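Engineer: can't give you the sequence, but here's the structure:
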């Protein structure tokens, strides 16, 4: 019993220590975002990598998610003769939840791993120490542009994903389920409010920050050797995915908890 209590205490202390390190790391990185000099070339490269090259993945994910959601909604609501609500359910589900969460998880798998591997390799090969030697602050040069790019790009990705996801539901609703196109579009726009889209974009900005933060943090503190880089990459993806789900609940509670 004594050993069991010790293990619980040790786990709790390790968790608090890791939380403190991540908090200090994020505060330092955010401070460097607003401190000159600004590395615009690095920022532009990260925006292209995170935003442009993630479009196909996000687009395909949201497209088929919207299509499946329309099919499943129709199957469920047909039992209650409420098939006309399919369009409303699709647009609200995509804009509020599916669009931001799916885009965040897909980008976490692609970008979070890439950031952790790239920065981790730089740590292993002493390139980060070389930046210090050249009077270039690694946090300002490597971490700050990635955090800013992630926070900027995710809302745009989610906005595009929302449109594609709703379009996927439209395709299934009109061409497979036999809805009238005009009525489907009217139902789509009837109950959609600005707050629904805003909620998704706020979530996306938070998710983008968390993805970049976890990728940079685990890469920056990577262990030595190929095994350390691989562990950092895995930890970046897993921790970013978990934080996305937690932040999703917190942000949703802030908007609609009352």
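Structural biologist: Noted; the coordinates are in hand. None of the values given here were measured: they were computed from a predicted structure. Residues are numbered from 1 along each chain as shown.
Engineer: Summarise which helices and strands the host helix or strand of residue 163 is packed against.
Structural biologist: Assigned by DSSP states H and E, residue 163 belongs to helix 144-175. For helix 144-175, the packing partners by 3 or more C-beta pairs under 8 Å, 6 or more residues apart in numbering; DSSP states H and E come out as helix 2-33, helix 40-47, helix 55-77, helix 86-93, helix 99-107, helix 181-190, helix 194-220. Every residue, glycine included, has its C-beta placed from N, CA and C.
Engineer: Buried residues in that helix, which are they?
Structural biologist: Buried residues in helix 144-175, counted by 16 or more other C-beta atoms under 10 Å: 144-166, 168-170, 172-174.
Engineer: now swap in stretch 121-140 and tell me
Structural biologist: Those would be 121, 122, 123, 124, 128, 131, 138, 139, 140, for stretch 121-140 by 16+ other C-beta under 10 Å.
Engineer: ok now that stretch, how far from the chain's centre?
Structural biologist: Here stretch 121-140 is found 27 Å from its chain centre; the criterion is C-alpha atoms, centre = their mean, to the nearest Å.
Engineer: Touching, residue 200 and residue 162? I think so.
Structural biologist: Yes - using C-beta atoms under 8 Å, residue 200 makes contact with residue 162 at a distance of 6.5 Å.
Engineer: my guess is residue 153 meets residue 51, correct?
Structural biologist: Yes - counting by C-beta under 8 Å, residue 153 does reach residue 51; the two are 3.7 Å apart.
Engineer: center of the protein - which residue?
Structural biologist: In the chain, the residue lying closest to the centroid (C-alpha atoms, centre = their mean) is residue 104, at 2.5 Å.
Engineer: follow-up on the earlier one: just send the buried residues of stretch 121-140 back as a markdown table, with distance to residue 27 and secondary structure too.
Structural biologist: Shown next, in a markdown table, are the buried residues of stretch 121-140 (distance: C-beta to C-beta, whole Å; DSSP: H, G, I helix; E, B strand; the rest coil):
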| residue | distance to residue 27 | secondary structure |
| --- | --- | --- |
| 121 | 25 | helix |
| 122 | 22 | helix |
| 123 | 21 | helix |
| 124 | 26 | helix |
| 128 | 19 | helix |
| 131 | 20 | helix |
| 138 | 16 | helix |
| 139 | 11 | helix |
| 140 | 14 | helix |
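Engineer: Which of these lies at the shortest distance from residue 235?
Structural biologist: residue 123 (13.8 Å; C-beta to C-beta).
Engineer: So that closest one sits against residue 217, correct?
Structural biologist: No - if you go by C-beta under 8 Å, residue 123 and residue 217 don't touch, sitting 11.7 Å apart.
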